[in-house]
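Engineer: Return a 3D structure for these sequence lines:
(one chain, ligands or ions: 1)
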Amino acid sequence: MDTAKRFYCDVAVCGGGPAGAAAAIAAGREGKSVILMELRESLGGLCTNGYITGIAGNVDGLAKEWVERLAAEGHAVVRPHLPVVEPEFGKMMLEEMVLQSGARILYGTHVVDCIKEDGKIKSVIAYCKSGKVEIFADAYIDCTGDADLIYAAGVPFEISSGEYCGLDQSVTMGFRLAYVNYKKFMEANKAFRKSKDFEYGNPKRSSLIVFKQFQAIAEGKLHELLSPGNIVYPMPGRDQECMDVTLDATHTFDCHNDDVVDLTRQIVDQHRKVVWFVDFLREYVPGFENCELEALAPMNGVRDSRYAKGEYFLRAEDLATARKFEDGIWQHSEPFDTHVPTPGFHCAIRHINTDKKLENSLVRPCQDEKDYMMHPFVRPLKWEARTDPRDWSEIPFRALICRGVDNLMVAGRCFSADFHAMGNIRIIGPSMGMGQAAGIGCSMYIDKKLNAIRELDGVLVRKRMIELGVGLDHAPTGYWETVRNFKGEPTVNAGDMIEIRNEKGETPGF
Ligand SMILES: Cc1cc2nc3c(=O)[nH]c(=O)nc-3n(C[C@H](O)[C@H](O)[C@H](O)COP(=O)(O)OP(=O)(O)OC[C@H]3O[C@@H](n4cnc5c(N)ncnc54)[C@H](O)[C@@H]3O)c2cc1C
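Structural biologist: Reported below is the predicted structural model:
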């Protein structure tokens, strides 16, 4: 092969997002020589370069260490649920953790192909400033988010959803605003919830930003609802009355996330919508009067694309029924979060439809009219099933082992799961957990001199995760423990989200 340079290592990790960084750190700390290839020039993927700065899911293992190390330097807002990291320092902290583990980083390196021999990947081919380079390793982990290596290696995969005629989830580009009076915004939010404009259960009146958009539409200042949500992530350590925030708000629909022409359409569409949304915020939302668009995320907000087929294919039913696995390597308690691929009022689907009443999940009869709006191409089935926030499911190690190639693993938002399971698990906490487990798994595969990673007993990886302090041997703590112990009944709110509410209407909060 005519390559400018060759590199050799034990474990090659493709993609340096939350999953890839964690995979490289974990394998490096297990004593392996590691090369982490990242096509951009910093780590953290969508979390840092996509301005998705709030970490959802269980924050344990390397995810917890990352947040705590950032917090110790004043660059994270630690809170029980959805801690926030400052993206620029977040990138540098991941870089520090990767380098301290002994792993090597190759920035500006785009993995495009691989050479296979006897059922294994022999080398990956990447392009970078050096030209065409070849990286040889004993084991490989695809953390590209879009399963680029898996695609090149011929591993079977699915793309998008049959239910939505092959469309992916909607796409949302993050952005960063300066000069926001966050204190004023939070006070306005509180006042809104006490005002007559607020109405529990009415999606048009359940959040300040949404309510204000309908006002702007009525006044001819906005032609459509741009954001069905209200999430604003405050940047750590800043003056609350004049601070930076990040948002991911506007949606582009009918997306094909493996098509360069469509991806370009999405980016152009998002650029325009962000500008419209910022103009709206300035005029209508208290606290945003003086805000300035500081930056558009350098990475487009693609939620999903290719889904690898692994030794286990995680199904939405596994999550709805809080399924645990012997080789479970991460606990997961969040609701479904499938962003609707087609335009409509509802932003995300927080339930799945089933024809059987699923045991051990929160079920109610399908709410026909609303459900049909969310599933425009097929009539929904009989029941709606939701995850129970007081319970949790697990990700089995086998869902990270790629089928058909003996030395390839996957971690992050392209692991082996169906459309709604991915809509649920793809978030940053579990992505880092999967990365950590894949790094450990590859290391064990090498140490044990196995013929294929699928020969490795995932129970050993689970045990190693526990030894390293990941709380797989007990129920999730922190926020999830508070939710479990909160006295109240599960209620579906206006955003289709399940909440535990008490008689006074209180919830366990953020
Ligand atoms: C709009 C939006 C809102 C979200 N909100 C939240 C939230 O509030 N909380 C939460 O926890 N999660 C949220 N998520 C999900 C979360 O951000 C991602 O699912 C998570 O970052 C996945 O991590 P990853 O490492 O698998 O992939 P990514 O973060 O996509 O990282 C992949 C990395 O691989 C690199 N790469 C890609 N292809 C190649 C290649 N061929 N060669 C080399 N490098 C490559 C990329 O540059 C990138 O750095 C949101 C996602 C979106 C889009």
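Engineer: quick one, helices of the stretch 201-350 of the chain?
Structural biologist: 208-218, 260-284, 316-320 (DSSP state H, counting those that start in this stretch).
Engineer: which other residues reach the first one?
Structural biologist: Translated: helix 208-218. 188-189, 192, 197-198, 203-205, 222-230, 280-281, 283-285 (Cβ atoms under 8 Å, 6 or more residues apart in numbering). Quick note: C-beta positions are derived from backbone N, CA and C, even for glycine.
Engineer: now the residue nearest the centre of the chain, nearest residue through space, not along the chain?
Structural biologist: Note on the chain: the residue nearest the mean C-alpha position is I427, at 2.3 Å, using Cα atoms, centre = their mean. Spatially, and ignoring its direct neighbours in sequence, I427 is nearest to A56 (4.1 Å; Cβ to Cβ, 6 or more residues apart in numbering).
Engineer: Check which helix or strand the one you found maps to.
Structural biologist: Under the criterion DSSP states H and E, no helix or strand holds A56.
Engineer: thought it was touching H332?
Structural biologist: No: between A56 and H332 no contact is recorded; they are 10.2 Å apart, counting by Cβ atoms under 8 Å.
Engineer: Touching both of those two, which residues are there?
Structural biologist: Joint contacts of A56 and H332 (Cβ under 8 Å, 6+ apart) do not exist.
Engineer: More neighbours: the two, which one.
Structural biologist: Neighbour count, other Cβ atoms under 10 Å: between A56 and H332, H332 has more, with 24 against 17.
Engineer: and the more buried one, what does it touch?
Structural biologist: Neighbours of H332 in contact, by Cβ under 8 Å, 6+ apart: 57-58, 319, 392-395, 424-425, 430.
Engineer: give the contact list for the residue of the stretch 301-450 of the chain found nearest the ligand.
Structural biologist: Going by Cβ to the nearest ligand atom, the ligand is nearest to G412 of the stretch 301-450 of the chain, at 2.1 Å. Contacts for G412 (Cβ under 8 Å, 6+ apart) come out as 15, 17-20, 45, 143, 145, 426, 431, 434-435.
Engineer: where's the nearest residue to it once chain neighbours are set aside relative to the ligand, distance?
Structural biologist: The shortest distance from G412 to any non-neighbouring residue, by Cβ to Cβ, 6+ apart, is to A19 (2.9 Å). Distance of A19 to the ligand, computed by Cβ to the nearest ligand atom, to the nearest Å: 3 Å.
Engineer: before we move on, what SS does A19 have?
Structural biologist: At A19, secondary structure determined by DSSP: H, G, I helix; E, B strand; the rest coil is helix.
Engineer: give me every residue that touches it.
Structural biologist: Applying Cβ under 8 Å, 6+ apart to A19 gives the contacts 45, 143, 145, 411-413, 431-432, 434-435, 438.
Engineer: rerun at 7 Å
Structural biologist: With contact set as Cβ atoms under 7 Å, 6 or more residues apart in numbering, A19 has these partners: 143, 411-412, 431-432, 434-435.
Engineer: Show me which pair in those residues is furthest apart.
Structural biologist: Across the contacts of A19, the longest distance by Cβ to Cβ is 10.3 Å; it joins C143 and M432.
Engineer: which residues does the residue nearest to the centre of the chain contact?
Structural biologist: I427 touches 56-57, 334, counting by Cβ under 7 Å, 6+ apart.
Engineer: Which parts of the stretch 1-150 of the chain are helices?
Structural biologist: Remark: helices assigned in the stretch 1-150 of the chain by DSSP H, counting those that start in this stretch are 18-29, 45-48, 61-72, 87-100, 148-153.
Engineer: Tell me which of those helices sits most buried.
Structural biologist: Highest mean neighbour count among the helices of the stretch 1-150 of the chain (mean count of other Cβ atoms under 10 Å): helix 18-29, with a mean of 32.
Engineer: the inter-axis angle of it versus helix 61-72?
Structural biologist: Interaxial angle, helix 18-29 versus helix 61-72 (axes from the mean of the first three to the mean of the last three Cα atoms, to 10 degrees): 100 degrees.
Engineer: Okay then, goodbye and thanks.
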